[in-house]
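**Student:** below are the sequence and a predicted model for it; my questions follow.
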Amino acid sequence: MQTLATIVTWAVFGLVIGLIARILYPGKQPMGLLMTMILGIVGSFVGGLISWAFGFRPELGPFRGAGWIMSIIGALIVVWVSLYLASRSDRTTGTGIR
């Protein structure tokens, strides 16, 4: 039962972080709620890695203790990278809207 609670907590946290990042990022991001949730979870991991790289060593490993701010920063980075890669693939395949 504890595993289910952990998964639900990660999902809710990811959704909140993803929504905040999408609000802060300018422009339109074409993604649904599931992708927003995944964006927040991945952003939290990226934020944790960034804080770990700068020397903030949490007690239980590099992925814990990213906090809200680093999670949002990580999610903003993930949004930027994903939109950048999507725009590059549109240009190379010629399927972009012009």
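**Tutor:** Sure thing, it's come through.
**Student:** excluding its backbone neighbours, what's nearest the residue minimising distance to the centre of the chain?
**Tutor:** The geometric centre of the chain, computed from its C-alpha atoms, lies nearest to Gly43 (CA atoms, centre = their mean), at 2.5 Å. Nearest in space to Gly43, with sequence neighbours left out and distances taken as CB to CB, 6 or more residues apart in numbering, is Ala75 at 2.6 Å. Any C-beta I mention is one placed from the backbone N, CA and C, and that applies to glycine too.
**Student:** next: Trp68.
**Tutor:** Sequence neighbours aside, Ile17 is the residue nearest to Trp68 in space, at 7.5 Å (criterion: CB to CB, 6+ apart).
**Student:** before we move on, what about Val42?
**Tutor:** Closest residue to Val42 apart from its sequence neighbours, by CB to CB, 6+ apart: Val78 at 5.2 Å.
**Student:** about what we covered before: list the contacts for the residue nearest to the centre of the chain?
**Tutor:** By CB atoms under 8 Å, 6 or more residues apart in numbering, the contact set of Gly43 is 14, 17-18, 21, 71-79.
**Student:** how about 6 Å then?
**Tutor:** If you count contacts by CB atoms under 6 Å, 6 or more residues apart in numbering, Gly43 has them with 17, 71, 74-75, 78.
**Student:** buried residues in the helix or strand harbouring it?
**Tutor:** When elements are assigned from DSSP states H and E, Gly43 belongs to helix 33-53. Of the residues in helix 33-53, 36-48, 51-52 count as buried by neighbour count, 16 or more other CB atoms under 10 Å.
**Student:** and after it, which helix or strand comes next?
**Tutor:** Secondary structure here is assigned by DSSP H and E; on that basis, the next helix or strand after helix 33-53 toward the C-terminus is helix 67-93.
**Student:** ok and that next one relative to helix 33-53, angle-wise?
**Tutor:** Between the axis of helix 67-93 and that of helix 33-53 there is an angle of 110 degrees, by axes from the mean of the first three to the mean of the last three CA atoms, to 10 degrees.
**Student:** all set, thanks.
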